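**Student:** This is a predicted model, with the sequence first.
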Amino acid sequence: DYNINASRPNYFSDNHSHNVSLEQNNLSDRFTLTPDPLLIKGCINLTTEGTIYTQVADITNNTLIHDCIIVQAANVTLDCAGFSITSIQNYSGVYSNQLNTTVKNCNISMGDGTGGIGVEYRAGSDGSLLDNSTFIGGEIGISYVASHNSKITNVYINGSINDGISLASDWVDMRNLTVKNTIDIGIYYNGADYSNMTNATFLDNDGGSNGINIWGIGNTFRNITIMGNRISLNRDNNTFINIYSNRTSIPFIVDSDGTKITDWLNENDIAGDEVRVQAGELNNTCLNCTYELDDETVNAGAEWIRRWYYQAYVNDSDGNNISGADVVSYNVTSDLIFNVSTNSSGWTNRTEIVDYVNIGGTRKYYSNYTLNSTNNGYIDIHGYNVTLEENNLSDRFTLSLDPFSIVNCQTLSTANTVYTQIANIENNTLI
């Protein structure tokens, strides 16, 4: 007997035996190949839990009457393998309301009207992952609605008619994003709270208006480039770290309390405000922020606190590091601002020092500061103008004995003075 096998990529093979001695000629042998259900070549429902589905061809379907690929089971992975999903119809390229859905390596372009969404995660799809995917055009590139504790990584979005990303989910972690040329908002935090974004670029979105529009609380943004659009804050307690802006009309509009911006480099070449704090918004802080003072607008009843970094080194007159020395700062009205101590290297930890507080357009400056360092009766004192010097990460104190500290027999010659003995005195040769 012969064993004869028929196979083709993306299909299950078929085989059977053939006894040529009995059957002699056979000009109509038949094999039936069954498509592998885990290999995707067209719009389909993914129904098997815990399964990896792999796209094996570009999908173009301009007659869609529903979403193209619909995930209907938990713990499913769709690997588009670099192939595309394309339609002019206003449906989602991929839709899931199932737990732990992974979508990766996709290139998706859907219709520009309402409902034309690249990937749509809905309630029930908590813990999902979207990775290494590109979205061109469409109404919305990515939509998350009540899909909490999810991740978006390595995503490129260009030319969405509405939002590049519409986020209405909490605790979403986003990394390595590029969003550009959206007609409306780059990313819209529509009630999204406590999410993190790291390494993201927003270019020329919303006609130069909103690259990032935040209607959510407690979100953190780190390593963000914003060019040709702005950041608008409408809810409280959002944090920005390491921000670069250019070609932007009003890079920050703050209509919220408790905003903290750290390490913002602004190289804007557009005339007008660089930061605008709307009326009544309080406790908004900018640490190590570079922009023109005249381009700061703080409206009635609003508060904007500008701070810079400060760090000090303390040694003695012989150049030895002093550990445990106190470094204390008092502002121009003698209010205590900080009290920090040196470590074994002689350095303090990096801290913050207030330049001014702007309340409703009136700035209260904290300089000149009086800074002193003390250790066991040794002291050094000097002034510091943070408005002129801004960051100071190498302030230096060299301690010498306080003239009012007593360590030996001596004459006390200054009237109305309190002298303090700081060590035992033993002298058996007094004259």
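**Tutor:** Now that the structure is in, tell me what you want to look at.

**Student:** which non-adjacent residue is nearest residue 214?
**Tutor:** residue 189 (4.5 Å; CB to CB, 6 or more residues apart in numbering). Just so you know, the C-beta spots here come from the backbone N, C-alpha and C atoms, and that holds for glycine as well.

**Student:** in the stretch 1-150 of the chain, which spans are helices?
**Tutor:** Taking DSSP state H, counting those that start in this stretch as the criterion, the stretch 1-150 of the chain contains helices spanning 20-23.

**Student:** so where's the stretch 101-250 of the chain uncertain?
**Tutor:** Filtered on pLDDT under 70, the stretch 101-250 of the chain yields no residues whatsoever.

**Student:** can you give me the strands for it?
**Tutor:** For the stretch 101-250 of the chain, strands defined by DSSP state E, counting those that start in this stretch occupy the ranges 102-104, 107-109, 117-121, 129-136, 140-145, 151-158, 165-168, 173-180, 187-190, 196-203, 210-215, 220-227, 230-233, 239-246.

**Student:** on that earlier part again, so what sits opposite the residue nearest to residue 214 in the bridge?
**Tutor:** residue 167, residue 214 (DSSP bridges).

**Student:** In contact with residue 339, which residues?
**Tutor:** Taking CB atoms under 8 Å, 6 or more residues apart in numbering as the criterion, residue 339 is in contact with 326-329.

**Student:** do residue 215 as well
**Tutor:** Contacts of residue 215 (CB under 8 Å, 6+ apart): 188-192, 234-235.

**Student:** Just the buried ones from those residues, in PyMOL syntax?
**Tutor:** Here is the PyMOL command that selects the buried residues among these (16 or more other CB atoms under 10 Å):
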select buried, resi 188+189+190+192+235
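
**Student:** Closest one of the contacts of residue 215 to residue 100?
**Tutor:** Distances from residue 100 to the contacts of residue 215, taken as CB to CB, are shortest for residue 192 (19.7 Å).

**Student:** Would you confirm that the residue nearest to residue 214 contacts residue 217?
**Tutor:** No. With contact defined as CB atoms under 8 Å, residue 189 does not reach residue 217; the gap is 9.4 Å.

**Student:** who touches both of those two?
**Tutor:** Counting by CB under 8 Å, 6+ apart, the common neighbours of residue 189 and residue 217 are residue 235.

**Student:** hmm, back to that, identify, out of the strands of the stretch 101-250 of the chain, the most deeply packed stretch.
**Tutor:** Greatest average neighbour count among those goes to strand 117-121 (a mean of 28), per mean count of other CB atoms under 10 Å.

**Student:** Pull up the pairing partners for that strand, direction included.
**Tutor:** In the sheet, strand 117-121 lines up with strand 94-96 (parallel), strand 140-145 (parallel) (DSSP bridges).
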